[in-house]
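Asks: need a 3D model of the sequence below.
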Amino acid sequence: MLKGRSLDHIGIASIDVEADVRYYVEVLGFRIIGHFGECYFIQNGGVTYEIYNGKEQPEAAIGKIDHIAYTSRDIEQDYAYALEQGYEITTQGIESIDRFWDHGIRYFKIRTPGGEQVEFNQIL
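Replies: Residues are numbered from 1 along each chain as shown. Model (predicted):
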């Protein structure tokens, strides 16, 4: 079951990652909690944004919320549940990014009826 998960972060595609991060830090008081190449995780209070290079995204997606991510404690179980329920998976199954955090992450995304992407991720 995917209910009751904690919000992990909100992902935003950017054309100028450095400028966007600088704005959030200098103007809105966010602090950088993770920096992985052209991807930053910034936080203000209980809100974490992932701002990443959006050059692979459609132009209409730039500067918009790409996904809202929730924490997974067991990504395999969550993925199996999503498949069982017939949710539309928008990633190539469970994907990994080894360079994020100390040991990488594993995640997958599903599409809501309204078209938003919801990500479930597990920091390894």
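Asks: below-threshold pLDDT in this protein: ranges please.
Replies: 1, 57-58, 60-63 (pLDDT under 70).
Asks: could you rerun that using 50?
Replies: By pLDDT under 50, the chain contains no weakly predicted segment.
Asks: from residue 89, how far out is residue 43?
Replies: Look at residue 43 and residue 89: by CB to CB, to the nearest Å, they are 28 Å apart. The way it works is simple: take the backbone N, C-alpha and C, and place the C-beta from them, glycine included.
Asks: hang on, I meant residue 70
Replies: Distance from residue 70 to residue 89, by CB to CB: 15 Å.
Asks: what about these two, which has more around it?
Replies: For residue 70 versus residue 89, the count of surrounding residues by other CB atoms under 10 Å is larger for residue 70: 19 against 15.
Asks: and the more buried one, backbone torsions?
Replies: Dihedral pair for residue 70: phi -120, psi 150, per degrees, to the nearest 10.
Asks: what's the closest non-adjacent residue to it?
Replies: residue 5 (3.8 Å; CB to CB, 6 or more residues apart in numbering).
Asks: and residue 55, by the same measure?
Replies: residue 15 (7.3 Å).
Asks: tell me, how many residues neighbour the one you found?
Replies: When neighbours are counted by other CB under 10 Å, residue 15 registers 13.
Asks: with the one 4 residues further on instead?
Replies: Using other CB under 10 Å, residue 19 is surrounded by 11 other residues.
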